[in-house]
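# From the sequence below, what's the structure:
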Amino acid sequence: MGGEKREIGFCFQGDWTKRQPWRGVFVLIVTLVASLILTASFNIQEYTGIVGYLIMSFIPMFVVIGLFWKRAGIIPESPQPFKGILLTTLVGIIAVLTAKGLIAFLGKGVLLPHIVLHTVCTIITTFFIALAFGFWPFNKLSPVAGGFLTVIVAYVIGWIILQFFNFAMLSYPTGVNPSPVAPVPFYAPGGPLAKFEFLAPMGPFLWEHSISFYFWAIVIVFSFLMINFWPFSALRIGQPLFGLLVTVGALVISYVVNLVCIDFLKVEPLRCFLCGICYVFGILLILIPFEMWPGRAIGRLLGGVINLLIAVGIGIVAYKTLLSFCKWHFGEGMTYPNDIFAMATLMLGMIFPMWSCYSDLFDFWPLPSEK
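Predicted coordinates:
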């Protein structure tokens with residue numbers, strides 16, 4: 001009442017709860033412990049299959065709630081953690097129904113690898129709509145309609161993009177580039193998924209190269225975000241031209257990154273994809289738990305550049321640490337390409353959604369608001 005804001009329920013006290021880096025350290029510990037406990041509850045087939053798929057299905061709605069609905073002010077005020085529990089339940093219902101529907105429609109009741117990558121493409125597309133285009137044109141509608149339409153369109157665009165992927169072969173059976181052995185059938189006749197060949201996209205581009213290219217494009221968009229979208233922000237142009245320029249720039253830089261890594265440095269495409277995951281993991285750690293610390297105290301451009309350099313170091317440390325955990329828990333299951341998918345699922349299919357949920361739905365409860 002009267003513009004006053006009152007904290008309701010249990011909340012940690014102390015100056016450290018509002019200050020970085022201690023605030024971020026607390027969030028990191030809570031989410032990391034929860035993520036590792038959940039990961040340790042499954043074998044690698046379950047984890048990289050239905051478990052990872054269901055959790056990734058939460059992400060598009062997390063993006064809509066955190067970057068669209070909260071900014072539009074349509075999320076009702078209520079005490080934590082009840083508000084977070086209710087929002088998480090809502091997102092969970094939507095995610096499970098969507099996942100089950102896609103498995104039934106695209107996989108005839110079977111969770112196939114290309115269906116998982118469809119959701120990955122959808123998540124990437126959702127972030128393009130949110131970050132590059134600022135939810136244009138969906139922000140012209142009511143927030144509820146615009147939010148749901150964003151997710152629907154992202155799934156459709158993700159499916160269209162997936163049609164350019166070719167899933168016939170496992171192009172690098174040993175995980176080495178150039179491959180010492182010939183590609184082996186994947187969905188093609190003779191492969192383990194041959195009976196589902198009629199369901200899998202057989203486009204012009206190898207699926208390993210394609211997912212690395214599209215993923216690195218959104219990694220570049222996140223890099224632009226960290227430096228306030230410089231140099232595009234200096235042009236002072238509106239949507240959709242701004243989003244188109246950012247998208248074209250991201251695609252061009254992604255092409256160069258993949259060309260250098262895969263063609264010149266001979267990095268296997270899925271390992272190039274994993275490099276992008278580690279890098280963006282560092283960016284997201286700075287962006288969400290640490291709320292742009294330490295760069296935000298320096299300035300938007302220079303501070304952003306410093307944060308990006310720190311993100312590289314975080315990515316390297318996170319890769320080595322989480323890889324050790326995965327090898328310990330999954331053991332002999334950590335063979336190519338399962339090792340790539342296990343790491344990808346842990347870093348961006350488990351820990352990142354945990355950050356997003358804790359930040360956008362639970363408002364970092366029991367920490368107080370930083371504002």
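
# going forward, measure contacts between C-alpha atoms and count neighbours the same way
Noted.

# phi, psi of Asn166?
Note on Asn166: backbone dihedrals following degrees, to the nearest 10 are phi -120, psi 110.

# Now for Ile59, how many residues are close by?
The local packing of Ile59 (other Cα atoms under 10 Å) involves 27 other residues.

# so what's it up against?
Residues in contact with Ile59, defined by Cα atoms under 8 Å, 6 or more residues apart in numbering, are Ile123, Pro353.

# Okay, it and Ile65: tell me how far apart.
Noted for Ile59: a distance of 10 Å to Ile65, by Cα to Cα, to the nearest Å.

# And for Asn228?
To Ile65, Asn228 is 21 Å away according to Cα to Cα.

# out of the two, which sits in the busier spot?
Ile65 (24 against 15).

# Correct me if wrong: the more buried one contacts Ser359.
No. Using Cα atoms under 8 Å, Ile65 makes no contact with Ser359, being 10.7 Å away.

# Might you list the low-confidence residue ranges for this structure?
1-11, 370-371 (pLDDT under 70).

# now the helices for it?
Secondary structure of the chain (DSSP state H): helices at 22-39, 44-46, 52-56, 59-64, 70-72, 82-107, 113-127, 143-162, 207-226, 241-258, 269-287, 300-330, 338-346, 352-356.

# With Pro185 as the reference, name the closest of those helices.
helix 207-226 (12.9 Å; Cα to Cα).

# any residues touching the closest one, and which ones?
117, 121, 124, 127-128, 131-132, 164-167, 171, 230, 246-247, 250-251, 253-255, 257-258, 269-270, 272-273, 276, 279-280, 283, 300, 304-305, 307-308.

# Just the buried residues of those residues.
Listed as buried from the contacts of helix 207-226 are 117, 121, 124, 127-128, 131-132, 164-167, 171, 246-247, 250-251, 253-255, 257-258, 269-270, 272-273, 276, 279-280, 283, 300, 304-305, 307-308; burial here means 16 or more other Cα atoms under 10 Å.

# Enumerate every residue touching the spatially closest residue to Thr247 that is not a sequence neighbour.
Spatial nearest neighbour of Thr247, excluding adjacent residues (Cα to Cα, 6 or more residues apart in numbering): Ala132 at 6.8 Å. Contacts for Ala132 (Cα under 8 Å, 6+ apart) come out as Val221, Phe242, Gly243, Leu244, Val246, Thr247.

# ok, now Asp363?
By Cα under 8 Å, 6+ apart, Asp363 lies in contact with Gln80, Gly84, Ser369.

# Recalculate using a threshold of 7 Å.
With contacts defined as Cα atoms under 7 Å, 6 or more residues apart in numbering, Asp363 is in contact with no residue.

# Check Phe364 too.
With contact set as Cα under 7 Å, 6+ apart, Phe364 has these partners: Tyr358.

# Repeat that for Ile286.
Listed by Cα under 7 Å, 6+ apart, the contact partners of Ile286 are Met292, Trp293.

# Now do it against Met56, distance only.
Separation of Ile286 from Met56 (Cα to Cα): 21 Å.

# Equivalent analysis for Phe232, please.
Taken as Cα to Cα, the span from Phe232 to Met56 is 30 Å.

# Which one's more surrounded, the two?
Applying other Cα under 10 Å to Phe232 and Met56 shows that Met56 carries more neighbours, namely 23 against 15.

# now that one, nearest residue through space, not along the chain?
Spatially, and ignoring its direct neighbours in sequence, Met56 is nearest to Gly349 (5.4 Å; Cα to Cα, 6+ apart).

# quick one: that neighbour from Thr48, how far?
From Gly349 over to Thr48 the distance is 9 Å, taken as Cα to Cα.

# likewise Gly147?
From Gly147 to Thr48 the distance is 28 Å (Cα to Cα).

# Same question for Leu285.
Taking Cα to Cα, one finds Leu285 at 22 Å from Thr48.

# Count the residues that sit near Leu235.
Leu235 has 9 nearby residues by other Cα under 10 Å.

# got it, and Pro337?
With other Cα under 10 Å as criterion, Pro337 counts 16.

# any idea how far it is from Phe281?
Counting by Cα to Cα, the gap from Pro337 to Phe281 is 20 Å.

# export stretch 287-301 as PDB, just CAs?
Output in PDB follows, covering the C-alpha atoms of stretch 287-301 (Å, rounded to 0.1, in the frame of the first residue of the first chain):
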ATOM      1  CA  LEU A 287      24.300 -12.900 -16.700                       C
ATOM      2  CA  ILE A 288      21.900 -14.700 -14.300                       C
ATOM      3  CA  PRO A 289      23.400 -15.700 -10.900                       C
ATOM      4  CA  PHE A 290      26.000 -12.900 -10.900                       C
ATOM      5  CA  GLU A 291      23.700 -10.300 -12.500                       C
ATOM      6  CA  MET A 292      26.500  -9.000 -14.800                       C
ATOM      7  CA  TRP A 293      29.100  -8.700 -12.000                       C
ATOM      8  CA  PRO A 294      31.900  -7.700 -12.200                       C
ATOM      9  CA  GLY A 295      31.700  -6.000 -15.600                       C
ATOM     10  CA  ARG A 296      28.600  -3.900 -14.700                       C
ATOM     11  CA  ALA A 297      30.700  -1.800 -12.300                       C
ATOM     12  CA  ILE A 298      33.000  -0.700 -15.100                       C
ATOM     13  CA  GLY A 299      30.700   0.200 -18.000                       C
ATOM     14  CA  ARG A 300      28.600  -1.400 -20.700                       C
ATOM     15  CA  LEU A 301      31.100  -1.900 -23.400                       C
END
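
# Give the buried residues for that stretch.
Quick answer for stretch 287-301 (16+ other Cα under 10 Å): Leu287, Ile288, Pro289, Phe290, Glu291, Met292, Trp293, Pro294, Gly295, Arg296, Arg300, Leu301.

# Of these, which pair is most distant in space?
Pro289 and Leu301 (20.2 Å).
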